[in-house]
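Novice: Any chance you can model this:
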Amino acid sequence: MRVAIVINTSWNIWNFRRSLVKALQAAGHEVLAIAPPDAYSERLETELGCRFVPIPMENKGTNPVKDAALTRRFYRIYRRERPDVVLHYTIKPNIYGTLAARLAGIPSVNNVSGLGTVFIVKNLVSKVALGLYRFAFQFPKRVFFQNGDDRQLFLENGLVDQRITDLLPGSGVDTDRFRPDPAYQRQEPFVFLMIGRVLYEKGVEEYFEAAQLVREAVPGTRVQLLGGIDESGGVGVKRAIFEEWLQAGNVEYLGTSDNVADLIRQADCVVLPSYREGTPKTLLEAAAMGKPIVTTNVPGCRETVVDGQNGLLCEVRNASDLAAKMLQVLRLPVSGLAQMGRAGRQLAETKFDERLVLNKYLEVVREVTAGHSGRR
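Specialist: Below is the predicted model of the structure:
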């Protein structure tokens, strides 16, 4: 069977769906990667063995003319490539890709990996987006959600039929690749690490404020940030403002990296003060590597932490509470940090192992494509 994976960036496929691509290929399927071209597009072909199909796509904003054109682009690609099933991720593929797949007579499976600003900021654009979800989500064969809160929100708003919904433990985590060190070693000085794009909704402003409070309480503490700057769509922190924050000297900016595991390994605690998530893969990776977590008590994030066992939950948009929880972890003895790490590893193995996710996808692809051949 020919399976198309459709996401808003090639980087996203490379970083979050690589294991799914390999699992589909191992099951005998041909995999098409459909996404806007970027630095990772070539790697999808040369290193993963996908056939890459480029599609221009603006990830932010809702413009009816541009979005109608995007639906046409999806339709033309689906008619030309004739996949047997399309797996959609992220907002625009979930909406416009689904409509195009319906028009092309190809079954689709959607994944709501996070609600983004549509459900955080209430405005005209969010109302339009809700209407588009309600219309497009009549047509998928299955809609996966990454946490129960997101699924319940869609059901309460009448956006999807409950019968086609299912839950996944996020994107899962490769517990073989992300493993803890044999013995827990505390860094001197203590190192906090946040992994996420420089967006307000990721809680990056609160992280900078908390960093100042933590370093005032325990001078020398290292507070790091890994993630790309994204000024598009009005939701990212402007570069000039971000650089001004950095000048205070409380946060070390690490830029971006293809080797997140090494940076997690060198940290003592991973922090994510996000306003809302699907299920953050970086926190799953931290748990799998036996690192304590501090994150917000919001949908998506709280699923990754049993409060007081493998990490601590803090109030959303509250820098002082974030700082208090970071200091609480910092002041733990090595034995307490190691105990939190072991609890996180157990949670990763029992609840978030990516094999649970891959098996569900392989099963739904078998179900959806039974008796269907999109290629003519």
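Novice: any idea of the pLDDT on T117?
Specialist: If you check T117, the pLDDT there is 59.
Novice: for the one 10 residues further on, same thing?
Specialist: The predicted structure scores K127 at 80 on the pLDDT scale.
Novice: D181 versus that one, what's the distance?
Specialist: 49 Å (Cβ to Cβ, to the nearest Å). Placement of C-beta: from N, CA and C, glycine included.
Novice: Now stretch 57-73: average pLDDT?
Specialist: Here the average pLDDT along stretch 57-73 is 82.
Novice: cool, stretch 156-170 as well?
Specialist: On average, stretch 156-170 scores 95.
Novice: outside of that stretch, which residues touch it?
Specialist: 111, 113, 130, 133-134, 137-138, 140-148, 151, 154-155, 278-281, 284, 303, 351-353, 356-357, 360, 364 (Cβ atoms under 8 Å, 6 or more residues apart in numbering).
Novice: Show me those residues that map onto strands.
Specialist: N111, R142, V143, F144, F145 (DSSP state E).
Novice: need the strands for the stretch 151-300 of the chain, in chain order.
Specialist: Assigned by DSSP state E, counting those that start in this stretch, the stretch 151-300 of the chain shows strands spanning 165-167, 191-195, 222-226, 252-253, 269-272, 293-296.
Novice: Could you export these as a markdown table, including mean neighbour count and distance to A240?
Specialist: Below are the strands of the stretch 151-300 of the chain laid out as a markdown table (neighbours: other Cβ atoms under 10 Å; distance: least, Cβ to Cβ, whole Å):
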| stretch | mean neighbour count | distance to A240 |
| --- | --- | --- |
| strand 165-167 | 16 | 41 |
| strand 191-195 | 24 | 21 |
| strand 222-226 | 21 | 17 |
| strand 252-253 | 14 | 14 |
| strand 269-272 | 28 | 24 |
| strand 293-296 | 28 | 27 |
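Novice: Okay, now the unreliable bits of the stretch 151-300 of the chain?
Specialist: Scanning the stretch 151-300 of the chain for pLDDT under 70 picks out 233-234.
Novice: let's go with 90 and repeat that
Specialist: 153, 157, 183-184, 230-236, 258 (pLDDT under 90).
Novice: would you list every one of the helices in it?
Specialist: Ranges of helices in the stretch 151-300 of the chain, per DSSP state H, counting those that start in this stretch, are 204-217, 239-247, 260-265, 281-288.
Novice: domains of this protein?
Specialist: Per automatic domain parsing, the structural domains of the chain span 2-172+354-369, 191-351.
Novice: Kindly reformat the ones you listed as JSON lines containing distance to Q185.
Specialist: Output for the domains of the chain, formatted as JSON lines (distance: least, Cβ to Cβ, whole Å):
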{"stretch": "domain 2-172+354-369", "distance to Q185": "26"}
{"stretch": "domain 191-351", "distance to Q185": "8"}
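Novice: out of the ones in strands among the contacts of stretch 156-170, who's nearest A319?
Specialist: Within those, proximity to A319 (Cβ to Cβ) peaks at F145, which comes in at 29.7 Å.
Novice: Hmm, the closest one is touching V112, no?
Specialist: Yes: counting by Cβ atoms under 8 Å, V112 is a contact partner of F145 at 5.1 Å.
Novice: residues near R355, how many?
Specialist: Neighbour count for R355, taken as other Cβ atoms under 10 Å: 14.
Novice: Would you quantify the distance from it to P169?
Specialist: With Cβ to Cβ as the criterion, R355 and P169 are 10 Å apart.
Novice: still on that earlier bit, please enumerate the shared neighbours of F145 and V112.
Specialist: R151, F154, G278.
Novice: Can you select the buried ones among the residues you listed for me in PyMOL?
Specialist: Command for PyMOL that selects the buried part of these, burial taken from 16 or more other Cβ atoms under 10 Å:
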select buried, resi 151+154+278
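Novice: need the shared contacts of F145 and V112 in TSV with distance to E58, can you?
Specialist: As requested, those are exported to TSV (distance: Cβ to Cβ, whole Å):
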residue	distance to E58
R151	27
F154	24
G278	21
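Novice: Show me the contact partners of stretch 31-41.
Specialist: Under Cβ under 8 Å, 6+ apart, the answer for stretch 31-41 is 2-15, 21, 24-25, 44-45, 48-57, 77, 81, 83.
Novice: List the buried residues of that stretch.
Specialist: By 16+ other Cβ under 10 Å, the buried positions in stretch 31-41 come out as V31, L32, A33, I34, A35, P36, Y40, S41.
Novice: Pipe those into TSV and attach pLDDT per row.
Specialist: Listed next are the buried residues of stretch 31-41 as TSV, based on pLDDT from 0 to 100:
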residue	pLDDT
V31	98
L32	98
A33	98
I34	98
A35	98
P36	97
Y40	96
S41	98
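Novice: now, which of those residues sits nearest L254?
Specialist: Nearest member of the buried residues of stretch 31-41 to L254, counting by Cβ to Cβ, is Y40, at 19.0 Å.
Novice: wait, is L32 part of a strand?
Specialist: Yes: counting by DSSP: H, G, I helix; E, B strand; the rest coil, L32 is located in a strand.
Novice: Identify the bridge partners of it.
Specialist: Judged by DSSP bridges, the bridge partners of L32 are A4, R51.
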